[in-house]
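Novice: Here is a sequence together with a model predicted from it:
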Amino acid sequence: MRVLGIDPGIATSGYGFLDIDGQSSRLCECGAIITPAGMPTSRRLSEVHRQIEEVIGRSRPDAAAVEKLFFGANARTAMGVGQARGVALLALEQAGIPIHEYTPLEVKVAVTGYGRATKRQVQEMIQALLNLEEIPRPADAADAVAVALCHLQSAGWLEAVRQARA
């Protein structure tokens with residue numbers, strides 16, 4: 001199974017895709033889509049959409065995991081993240097990829113076991129769980145990998161519950 005994780009943002013959208021085979025996970029690729037601050041919003045969103053389509057074409061995921069919007073104190077940032085999240089969801093839907101959404105709290109619990117884990121703790125757990133030599137960079141890419149890991153953890157739990165009920 002291949003899962004594409006996305007941490008959406010208008011300035012920087014992180015992505016990462018993982019393969020799972022039995023009990024082991026492997027990071028295939030991760031990175032970030034970066035749009036210039038001076039570019040008009042519509043163009044930035046178009047660029048995010050286009051590049052996510054490219055990532056989908058390269059990775060050919062079986063499922064996608066997208067971080068849900070967290071409403072912090074900065075409404076302007078939330079608006080841009082929401083718009084980028086929308087074009088990411090659109091690209092995934094257009095490609096026919098099943099979409100799963102997770103809150104930042106769900107991601108932290110799935111990856112570290114602790115909902116108030118720091119970004120650094122999440123990154124270190126990604127490194128440990130995937131046996132990586134270094135933490136994925138930039139931070140948005142690491143966040144996307146964490147979202148993909150969250151889905152793999154959740155999918156494992158869901159399958160265990162299905163089997164237990166059968």
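Specialist: Structure's in. What do you need?
Novice: after the host helix or strand of Phe17, next one along is what?
Specialist: Phe17 is part of strand 12-21, with elements assigned from DSSP states H and E. Using DSSP H and E, the helix or strand that follows strand 12-21 in sequence is strand 24-34.
Novice: on that earlier part again, buried set for the strand holding Phe17?
Specialist: 12-20 (16 or more other C-beta atoms under 10 Å). Backbone N, C-alpha and C define where each C-beta goes, glycine included.
Novice: Next up, the contacts around Glu106.
Specialist: 150, 154 (C-beta atoms under 8 Å, 6 or more residues apart in numbering).
Novice: is it fair to say it lies in a helix?
Specialist: Yes. The assignment for Glu106 is a helix, going by DSSP: H, G, I helix; E, B strand; the rest coil.
Novice: leaving aside the residues next to it on the chain, what's closest to Ile56?
Specialist: Ala95 (4.9 Å; C-beta to C-beta, 6 or more residues apart in numbering).
Novice: The one you found contacts Glu53, doesn't it?
Specialist: Yes. Between Ala95 and Glu53 there is a contact under C-beta atoms under 8 Å: 7.3 Å.
Novice: what ranges do the helices span in this structure?
Specialist: 41-59, 75-94, 104-112, 119-129, 139-165 (DSSP state H).
Novice: Span of stretch 127-140 from start to end?
Specialist: Using C-alpha to C-alpha, to the nearest Å, the end-to-end distance of stretch 127-140 comes to 14 Å.
Novice: Skipping its backbone neighbours, what lies nearest Trp3 in space?
Specialist: Check again: residue 3 is Val, not Trp. Ala148 is the one closest to Val3 (C-beta to C-beta, 6+ apart), at 4.6 Å.
Novice: so who does Arg120 touch?
Specialist: With C-beta under 8 Å, 6+ apart, Arg120 has no contacts at all.
Novice: picking up where we left off before, between the helices of the chain, which one is nearest to Cys30?
Specialist: Proximity to Cys30, assessed across those by C-beta to C-beta, is greatest for helix 139-165 (4.2 Å).
Novice: average model confidence for the closest one?
Specialist: Averaged over helix 139-165, pLDDT sits at 79.
Novice: before we move on, the earlier item: what's the neighbour count on the residue nearest to Ile56?
Specialist: Other residues lying near Ala95 total 15 when counted by other C-beta atoms under 10 Å.
Novice: Then Ile10?
Specialist: 23.
Novice: Let me see the contact set for the closest residue to it other than its chain neighbours.
Specialist: Excluding its sequence neighbours, the residue lying closest to Ile10 (C-beta to C-beta, 6+ apart) is Gly80, at 3.5 Å. By C-beta under 8 Å, 6+ apart, Gly80 lies in contact with 9-11, 41.
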